[in-house]
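Engineer: Next comes the sequence, and after it the predicted model I'd like to discuss.
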Amino acid sequence: MLNVPIVRTPPPAEPTPPVVSRAPETLPLPRFAADGPVALLLPLSGAYAAPAAAVREGFLAAHFDAGDARELRIYDVGTTPERLLSAYQRALDEGAAFIVGPLMKESAARLATMNPPVPVLSLNHLDAGGFVPQDFFQIGLAPEDEARAAADDAAAGNLRNAVALVPEGDWGDRVLAALEGRMAQWGGRIVASARYRQGVSDQSDVIAQLMGVAASRERHRELTNALGVRTEFDARRRADIDFVFVGARATEARVLLPQFRFHRATGLPHYATSMVYDGRGDAELAGLRFCDMPFMLDTTGELAQERQQASSLSNVGAYPRLYALGRDAYAVAAALQRGGLRVGDSLDGATGMLEWGDSSTIQRRLRCAALRADGIDAGLGL
């Protein structure tokens with residue numbers, strides 16, 4: 001456990017509050033006592049130590065920048081249920097008035113089952129339909145936010161019908177469901193979808209089926225057999241596709257996109273999640289649109305400067321988005337403690353426009369950009 005002293009000369013009378021956009025006619029959330037330490041629970045040892053440290057650095061940066069005189073205590077929850085329980089109990093014993101964390105999804109779910117007696121801002125989302133205790137709030141970097149942003153961006157360009165290729169497993173299922181749900185809100189639909197096995201380079205058969213090229217070839221084969229003669233043939237993709245969505249890392253996207261082009265996807269807009277972007281341009285993926293947080297998309301403003309400065313920290317360079325999550329976690333926790341957030345409110349954060357969608361969950365509204373060889377084009381529109 002780490003006690004972090006705050007030294008300011010002179011200290012401000014009150015910490016600088018985050019700017020909250022107030023929704024009209026919404027019910028206020030319960031007010032929380034501002035006295036007592038804030039406990040930050042993170043897995044600072046074990047497999048997740050490096051990403052957790054990036055969150056810690058972002059939280060501390062925001063804490064100091066705000067001139068916050070409240071006591072902050074940091075607890076290592078490790079990677080086991082026993083360590084989590086021990087750190088949580090110690091935080092309560094030492095008078096924690098507000099808990100921020102934990103970071104990992106399994107730990108957040110376990111903490112929820114303990115029904116904490118103080119407010120919690122979890123740094124990950126609980127599964128839909130699961131038990132959510134009173135005053136258990138959730139923020140995180142859910143990929144579903146990026147899928148919904150892609151659907152919004154496509155709809156703004158009057159792109160209504162998509163084919164989607166996502167990896168096998170829970171992540172791909174969640175992203176696909178979020179994309180499909182938001183597209184339906186805009187009157188769009190996914191006309192075909194498929195899942196691919198990560199680590200397998202050749203996905204030609206799957207992509208040919210998605211694009212309708214396989215069906216085109218089959219129709220030609222049947223026609224050839226019926227006529228008994230060979231005919232000139234150029235396989236065509238299905239005509240009802242407006243854009244392609246690919247859930248992939250940059251290394252996978254570099255393999256998948258040429259296969260899409262081979263199967264007649266040239267000329268169609270392609271979308272992906274933020275996994276394709278590491279802060280640098282990419283000639284092989286030029287033109288690919290992705291949706292990401294302001295902390296990554298800002299190229300000239302204050303966030304870009306902070307990202308550059310933070311990248312020199314040993315624990316932040318590989319995890320800039322988690323650093324941004326730490327910053328936003330502080331802003332949300334501070335606003336909650338003052339009773340300054342209500343259902344329907346929004347807060348302009350480093351990870352996105354944070355929107356209070358229901359009584360416990362914060363979603364992010366993101367912008368999209370296009371990769372270029374020398375960086376990104378973060379302008380509006382397609």
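Structural biologist: Noted; the coordinates are in hand.
Engineer: for the stretch 101-250 of the chain, what spans make up the strands?
Structural biologist: 120-122, 136-138, 161-167, 189-196, 243-246 (DSSP state E, counting those that start in this stretch).
Engineer: Would you convert those into JSON lines that also reports mean neighbour count, mean pLDDT and distance to residue 210?
Structural biologist: Placement of C-beta: from N, CA and C, glycine included. Listed next are those as JSON lines, based on neighbours: other Cβ atoms under 10 Å; pLDDT from 0 to 100; distance: least, Cβ to Cβ, whole Å:
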{"stretch": "strand 120-122", "mean neighbour count": "26", "mean pLDDT": "97", "distance to residue 210": "36"}
{"stretch": "strand 136-138", "mean neighbour count": "20", "mean pLDDT": "95", "distance to residue 210": "34"}
{"stretch": "strand 161-167", "mean neighbour count": "23", "mean pLDDT": "97", "distance to residue 210": "5"}
{"stretch": "strand 189-196", "mean neighbour count": "16", "mean pLDDT": "97", "distance to residue 210": "5"}
{"stretch": "strand 243-246", "mean neighbour count": "24", "mean pLDDT": "98", "distance to residue 210": "8"}
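Engineer: Redo those as TSV? Include distance to residue 55.
Structural biologist: TSV is the format used below for the strands of the stretch 101-250 of the chain (distance: least, Cβ to Cβ, whole Å):
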stretch	distance to residue 55
strand 120-122	12
strand 136-138	15
strand 161-167	25
strand 189-196	30
strand 243-246	28
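Engineer: Burial check on residue 187, number of neighbours?
Structural biologist: 8 (other Cβ atoms under 10 Å).
Engineer: Could you do residue 86 as well?
Structural biologist: Neighbours around residue 86, by other Cβ under 10 Å: 15.
Engineer: cool, and residue 252?
Structural biologist: 22.
Engineer: where's it, which helix or strand?
Structural biologist: Assigned by DSSP states H and E, residue 252 falls within helix 250-260.
Engineer: how big is the angle separating that helix from strand 161-167?
Structural biologist: Computed by axes from the mean of the first three to the mean of the last three Cα atoms, to 10 degrees, the angle separating helix 250-260 from strand 161-167 equals 130 degrees.
Engineer: tell me how far whatever helix or strand comes next after helix 250-260 is from the chain's mean position?
Structural biologist: Next in sequence after helix 250-260, counting helices and strands by DSSP H and E, comes strand 270-272. Distance of strand 270-272 from the chain centroid (Cα atoms, centre = their mean, to the nearest Å) equals 15 Å.
Engineer: Pairing partners for strand 270-272, with directions?
Structural biologist: strand 243-246 (parallel), strand 289-292 (parallel) (DSSP bridges).
Engineer: Pipe those strands into JSON lines and attach distance to residue 162 per row.
Structural biologist: Shown next, in JSON lines, are those (distance: least, Cβ to Cβ, whole Å):
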{"stretch": "strand 243-246", "distance to residue 162": "5"}
{"stretch": "strand 289-292", "distance to residue 162": "12"}
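Engineer: Figure out which of the ones you listed is closest to residue 57.
Structural biologist: strand 289-292 (19.8 Å; Cβ to Cβ).
Engineer: in the closest one, what counts as buried?
Structural biologist: By 16 or more other Cβ atoms under 10 Å, the buried positions in strand 289-292 come out as 289, 290, 291, 292.
Engineer: go on, stretch 78-91?
Structural biologist: 78, 83, 84, 87, 88, 91.
Engineer: For the residue most central in space within the chain, grab phi and psi.
Structural biologist: Ranked by distance to the mean C-alpha position of the chain (Cα atoms, centre = their mean), the top residue is residue 141 at 3.2 Å. Dihedral angles of residue 141 (phi, psi; degrees, to the nearest 10) stand at phi -110, psi 60.
Engineer: May I ask you to confirm that it is in contact with residue 323?
Structural biologist: No. Using Cβ atoms under 8 Å, residue 141 is not in contact with residue 323, being 11.3 Å away.
Engineer: Quick one, grab the pLDDT at the closest residue in space to residue 119 that isn't next to it in sequence.
Structural biologist: Closest residue in space to residue 119, ignoring its immediate chain neighbours: residue 135 at 4.2 Å, by Cβ to Cβ, 6 or more residues apart in numbering. What the model reports as pLDDT for residue 135 is 91.
Engineer: again, but for residue 157
Structural biologist: According to the prediction, residue 157 has pLDDT 96.
Engineer: Tell me which of the strands of the stretch 101-250 of the chain approaches residue 332 most closely.
Structural biologist: Nearest to residue 332, of all these, is strand 120-122, at 6.1 Å by Cβ to Cβ.
Engineer: And the closest one, how far out from the chain middle?
Structural biologist: For strand 120-122, the separation from the chain centroid amounts to 17 Å (computed by Cα atoms, centre = their mean).
Engineer: now stretch 164-182
Structural biologist: Using Cα atoms, centre = their mean, the offset of stretch 164-182 from its chain centre is 13 Å.
Engineer: Buried residues, it. List them.
Structural biologist: Residues 164-167, 171-172, 174-176, 178-180, 182 are the ones in stretch 164-182 that count as buried (16+ other Cβ under 10 Å).
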